[in-house]
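# Requesting a structural model of the entry that follows:
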Amino acid sequence: MKLQRITYTLLAIMVFLSWTSLVQATLQEYSITDLGTLGGFTSNAFDINDNGQVAGQSIAPFDFHAFLYDTVNGMVDLGTLTDGMFSHAWSVNANGQVAGFSEIKFGRRDTRIHAFIYDSVNGMTSIGTLGGEESQAYSINSSGQVAGYSQITGNSATHAFIYDSVNGMVDIGTLGGSTSLGYALNDNGQVVGRSSTTGDATSHAFIYDSVNGMTDLGHLGGSLSYSEARDINNNGQVVGNSQAPGNLFRAFLYDNTNGMIDLGTLGGSVSFANGISESGHVFGVSEITGSITQHAFIYDDINGMRDLNDFLPAGSGWTLTSASDMNASGQIVGTGIIGGQHHAFLMTPIPEPMTMSLLALGGVAIMRRKRNSLR
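Numbers count the residues shown, from 1 in each chain. Modelled structure (predicted):
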């Protein structure tokens, strides 16, 4: 009996270690799906929720249109605001609400750009502006709060905003300069983006919350001191881009413990971060070794920056040029080249056969142990 318990314990440890290794490696194999287009030759995917819905933009027969993709309906054209020619979807939340911006027509010749929220019941709805003519939305969280930026009254500048259905669009200010832009927010209502600093000499990445207001995240040391934040997860980790020494742009990861960290490149000179998952994986684009060619990357603090193309099945025909986001199931979205055209892609992790066998074996061992303990 004692030997059996030791055996079952060892099996459970093996299962745990194998599972941990799998997570750390972000899975070793993926299938890839071409999301297609709305009738043109180009599409781009920017966000994916935990239900596998993907938001992006595609060339439609006459112009660019926002889309929402799922495995049941495929790529659905979200249309535009009133009589607009184009629309752009940047974010989709767990409820299937989409945030973005669209051209909207006022009168016969007056067209503007407005931030919108889309849902399956109400369609696409403008959320207005901060008093100016135009606005753009880039992120929507699970509560339906939206982040973006808008022209202020008089159209003298653009300011970052946070929007909800109760308070409407709220100006969250600047870092002392005249302009700010909001690019993302998390479920805690924290907003990130970039803002000009006092005197408008440069712009810095910021994080905003309702208690502390807007906080300057600094930069990586370039002579122009420029940085911008592009995404934030619910743990408060922020990713973005900054000039580094030599004035080359580098992707960064910021948190309260380590500050702003340069994520490096895939061997080239520059890199740009687009998004960060809840698990802390960063996605973006980087120049590769010995070339100005840019590839999609995935980064984590154990493995560093890796070329996402290395995870593709052999002979897939794809070259992945930019990665944007990953959901809780490990599905990744972005843009790549297939058949000479730029298309949105969806990568889905395939569990390793050995790991699945160990998980099954471990499950059997644990069940037997439970039965023996009841005898």
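# Now do the contacts for residue 190.
Residues near residue 190 by Cβ atoms under 8 Å, 6 or more residues apart in numbering: 207-209, 232, 236. (Each C-beta comes from the backbone N, C-alpha and C, glycine too.)
# how much space between it and residue 278?
From residue 190 across to residue 278, the span is 14 Å (Cβ to Cβ, to the nearest Å).
# Also residue 337?
29 Å.
# what residue ranges in the protein are flagged as low confidence?
For the chain, applying pLDDT under 70 flags the ranges 1-28, 353-375.
# just so I have it, where are all the helices in it?
With helices called from DSSP state H, the chain shows them at 2-24, 353-374.
# give me the number of residues near the closest residue to residue 219 other than its chain neighbours?
Among residues not flanking residue 219 along the chain, residue 227 sits closest, at 4.1 Å (Cβ to Cβ, 6 or more residues apart in numbering). As a burial measure, the neighbour count of residue 227 was computed by other Cβ atoms under 10 Å and equals 28.
# Just the buried ones from the contacts of residue 190, in PyMOL syntax?
Buried residues among the contacts of residue 190 (16 or more other Cβ atoms under 10 Å), as a PyMOL selection:
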select buried, resi 207+208+209+232
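# Just give me the closest of the contacts of residue 190 to residue 295.
For those, the closest approach to residue 295 (Cβ to Cβ) belongs to residue 232, at 24.3 Å.
# Identify the residues contacting that closest one.
By Cβ under 8 Å, 6+ apart, the contact set of residue 232 is 184-186, 190-192, 207, 238-239, 276.
# now the residue nearest to residue 99 when sequence neighbours are not counted: how far from residue 164?
Beyond its immediate neighbours in the sequence, the residue positioned closest to residue 99 (Cβ to Cβ, 6+ apart) is residue 140, lying 3.8 Å away. In this view, residue 140 and residue 164 are 10 Å apart by Cβ to Cβ.
# Now the common contact residues for these two.
By Cβ under 8 Å, 6+ apart, residue 140 and residue 164 have these common neighbours: residue 146.
# who's the residue nearest to residue 219 bridged to?
In this structure, residue 227 has beta-bridge partners residue 242, where bridges are defined by DSSP bridges.
# Which ones among the contacts of residue 232 map onto strands?
When strands are assigned by DSSP state E, the members of these inside them are 184-185, 191-192, 207, 238-239, 276.
# of all the residues you listed, which comes closest to residue 176?
Proximity of the ones in strands among the contacts of residue 232 to residue 176 (Cβ to Cβ) peaks at residue 207, which lies at 15.4 Å.
# which residues does that closest one contact?
Neighbour list for residue 207: 190-192, 214-215, 217, 229, 232, 236, 238 [criterion: Cβ under 8 Å, 6+ apart].
# Same check on residue 204?
Neighbouring residues of residue 204 by Cβ under 8 Å, 6+ apart: 175, 194-195, 197, 216-219, 225-227.
# cool, residue 53 as well?
When contacts are counted by Cβ under 8 Å, 6+ apart, residue 53 touches 68-70, 92, 96.
# which of these are buried?
Members of the contacts of residue 53 that pass the buried threshold by neighbour count (16+ other Cβ under 10 Å) are listed as 68-69, 92.
# Just the residues you listed: which are in strands?
Among the buried ones among the contacts of residue 53, DSSP E puts 68-69, 92 in strands.
# now the strands for the stretch 151-300 of the chain?
Along the stretch 151-300 of the chain, the segments classed as strands by DSSP state E, counting those that start in this stretch run 158-164, 168-171, 176-185, 191-197, 203-209, 213-216, 227-232, 238-243, 249-255, 259-262, 267-276, 282-288, 294-300.
# Make CSV from those and add distance to residue 332 to it.
Output for the strands of the stretch 151-300 of the chain, formatted as CSV (distance: least, Cβ to Cβ, whole Å):
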stretch, distance to residue 332
strand 158-164, 28
strand 168-171, 32
strand 176-185, 17
strand 191-197, 21
strand 203-209, 24
strand 213-216, 30
strand 227-232, 14
strand 238-243, 15
strand 249-255, 16
strand 259-262, 22
strand 267-276, 10
strand 282-288, 7
strand 294-300, 7
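# so what's residue 148 closest to, chain neighbours aside?
In space, and not counting its chain neighbours, residue 148 is closest to residue 137: 3.8 Å by Cβ to Cβ, 6+ apart.
# So the one you found is in contact with residue 128, correct?
No: contact between residue 137 and residue 128 fails when scored by Cβ atoms under 8 Å: they sit 10.7 Å apart.
# which one of those two has more residues nearby?
For residue 137 and residue 128, the more surrounded residue by other Cβ under 10 Å is residue 137, and the numbers stand at 29 against 14.
# So the more buried one versus residue 93, what's the distance?
Distance of residue 137 to residue 93, given as Cβ to Cβ: 12 Å.
# shared neighbours of those two, anything?
Taking Cβ under 8 Å, 6+ apart as the contact rule, residue 137 and residue 93 touch no residue in common.
# Could you give the number of residues near residue 344?
When counting by other Cβ under 10 Å, one arrives at 27 neighbours for residue 344.
# ok, the closest residue in space to it that isn't next to it in sequence to residue 309 distance?
In space, not counting the residues next to it along the chain, residue 344 is nearest to residue 45; the distance is 3.6 Å by Cβ to Cβ, 6+ apart. For residue 45, the distance to residue 309 equals 16 Å [Cβ to Cβ].
# okay, these two: which has more neighbours?
Just comparing residue 45 and residue 309: by other Cβ under 10 Å the higher neighbour count belongs to residue 45, 28 against 17.
# Name all residues that make contact with the more buried one.
Here residue 45 is in contact with 35, 54-56, 69, 324, 333-335, 344-346 (criterion: Cβ under 8 Å, 6+ apart).
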